[in-house]
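[1] coords please:
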Amino acid sequence: MKIGVLILEGPYQHEAADSAYHFVKAALARGHQITGIFLYTDGVNNANGYIKPPGERNIAERFSELGAQGIDIVACNACARFRGFRPDMVAEHVRLSGLGSLAEYLKDADRFVTFGD
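    Reported below is the predicted structural model:
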């Protein structure tokens with residue numbers, strides 16, 4: 001099954017990003033394909049490579065890891081600009097793009113899952 005993912009919450013305030021990460025890992029382990037992960041509204045903060053929390057829970061690194069496995073991960077360009085992102089702040093294997101990427105994920109997916117409010 002082809003699954004698309006939308007994340008609306010930022011890291012460390014809610015666990016939507018953590019839940020999405022573990023969902024994607026479990027889906028891949030069961031042989032499903034991820035059409036893409038779209039970070040929207042405050043979800044773009046999950047792509048901030050400058051956030052370096054103490055401990056093992058580095059959300060940006062987790063999404064970078066998924067991107068390194070070939071999953072297309074996009075942070076909404078407009079949302080990122082509204083939150084003060086510069087292109088150099090985006091974590092490795094995550095790219096900035098517009099809502100056209102979200103439309104592609106929706107078109108290509110058999111199921112689409114949203115994490116966050």
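[2] For the rest of this, base every contact and every neighbour count on C-alpha atoms.
    Will do.
[3] Can you give me the buried ones in stretch 34-50?
    By neighbour count on 16 or more other CA atoms under 10 Å, the buried set for stretch 34-50 is 34-49.
[4] State the mean pLDDT of it.
    Per-residue pLDDT over stretch 34-50 has a mean of 96.
[5] And that stretch, how far out from the chain middle?
    Here stretch 34-50 is found 3 Å from its chain centre; the criterion is CA atoms, centre = their mean, to the nearest Å.
[6] Export that stretch to CSV, keeping only CA atoms.
    What follows is stretch 34-50, C-alpha atoms only, in CSV (Å, rounded to 0.1, in the frame of the first residue of the first chain):
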residue,chain,number,x,y,z
ILE,A,34,5.6,6.0,1.8
THR,A,35,4.8,8.5,-1.1
GLY,A,36,6.1,11.3,1.0
ILE,A,37,6.1,13.2,4.3
PHE,A,38,4.8,16.8,4.2
LEU,A,39,5.6,19.1,7.1
TYR,A,40,3.0,21.9,7.2
THR,A,41,2.2,24.8,9.6
ASP,A,42,4.2,24.3,12.8
GLY,A,43,5.2,20.9,11.5
VAL,A,44,8.0,22.6,9.5
ASN,A,45,9.9,23.1,12.8
ASN,A,46,10.6,19.3,12.7
ALA,A,47,13.0,20.1,9.8
ASN,A,48,15.1,22.6,11.7
GLY,A,49,18.6,21.1,11.7
TYR,A,50,19.8,23.7,14.2
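[7] what does that stretch rub up against?
    Identification of contacts with stretch 34-50 by CA atoms under 8 Å, 6 or more residues apart in numbering yields 2-11, 17, 24, 27-28, 59-61, 63, 71-76, 79-80, 85, 89-92, 94, 101-102, 105, 108-109.
[8] Filter those down to the buried ones and hand me the PyMOL line.
    To isolate the buried ones among these in PyMOL, judged by 16+ other CA under 10 Å, type:
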select buried, resi 2+3+4+5+6+7+8+9+10+11+17+24+27+59+60+61+63+71+72+73+74+75+76+79+80+85+90+91+92+94+101+102+105+108+109
